[in-house]
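Novice: sequence first, then the predicted structure:
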Amino acid sequence: MKQSKKTQKLVILGMLSSISYVLMMLNFPIPGIPPFLKIDFSEIPALLAAIIFGPGAGVIVEAIKNFLHYLIQGSATGVPVGQLANFVAGLLFILPVSFMFHKFKNTKGVTAGLVIGTMIMSILMAVLNYYVFLPAYTIFLQAPALSGEETRQLIVQGILPFNLIKGAITGIIFVLVFGKMKQWIVKRVAI
């Protein structure tokens, strides 16, 4: 019986990782935001995994999604800077949702987690982009470095609003998905 549940968990995680990768490929820009920032809904399967099986499962789905993306799509820099940034942003978004759901086990917990996750992701990704990801892009692309002011403007006018918008849209869609799948999810949480 226990082996059957492990197998079922692995199958569900594999399926959610695959769906997450496909959703990552279906991305689109947001008007008024720099075009290299594209929204996708690949965090939704990772959110499901993190709620059903715990935060570690969400981390696994995020890792597999980004590994597949790097393996299949590659990277403009040759180094997976974009995939690493996506992985970190995904974790900053999904982990608060998982923790809040497991604490309260209801829609209010999910909603509070989505708001907290959006804020944490937006703020920390602004900081990480300033100090880590944008400098890494310029190094690996051998592009001229942005000045501190140019970097700050890109973050304030592009990256920060992008993450707030992405978190809000993904959160709204996830609340709708969660509402439709709540019975199934609650049954699976016990696995």
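Specialist: Cool, the structure landed. Only a predicted model underlies this, so the values are computations on that prediction, with no experimental measurement involved. Residues are numbered from 1 along each chain as shown.
Novice: tell me where the protein has helices.
Specialist: Per DSSP state H, the chain carries helices over the ranges 2-25, 43-53, 55-73, 81-104, 107-128, 134-140, 148-154, 160-189.
Novice: so which bits of the fifth one are buried?
Specialist: Of the residues in helix 107-128, those scored as buried under the neighbour-count criterion (16 or more other CB atoms under 10 Å) are 109-122, 125-126, 128. Any C-beta I mention is one placed from the backbone N, CA and C, and that applies to glycine too.
Novice: which outside residues touch the worst-scoring helix or strand of the chain on mean pLDDT?
Specialist: Of all regular secondary-structure elements in the chain, judged by mean pLDDT, DSSP states H and E, the least confident is helix 134-140 with a mean of 88. Identification of contacts with helix 134-140 by CB atoms under 8 Å, 6 or more residues apart in numbering yields T77, G78, V79, V81, A143, P144, A145, L146, T151, L154, I155.
Novice: recalculate using a threshold of 10 Å.
Specialist: When contacts are taken as CB atoms under 10 Å, 6 or more residues apart in numbering, the neighbours of helix 134-140 outside the stretch itself are 36, 75-82, 84-85, 128-129, 143-146, 150-151, 154-155, 159.
Novice: so how far is it from its chain's centroid?
Specialist: Averaged C-alpha coordinates place helix 134-140 at 21 Å from its chain's average position (CA atoms, centre = their mean, to the nearest Å).
Novice: could I get the buried residue list for that helix?
Specialist: Taking 16+ other CB under 10 Å as the neighbour-count basis, helix 134-140 is seen to contain the buried residues L134, A136, Y137.
Novice: what distance do you get for the second one to A89?
Specialist: A136 is 14 Å from A89, where distance means CB to CB, to the nearest Å.
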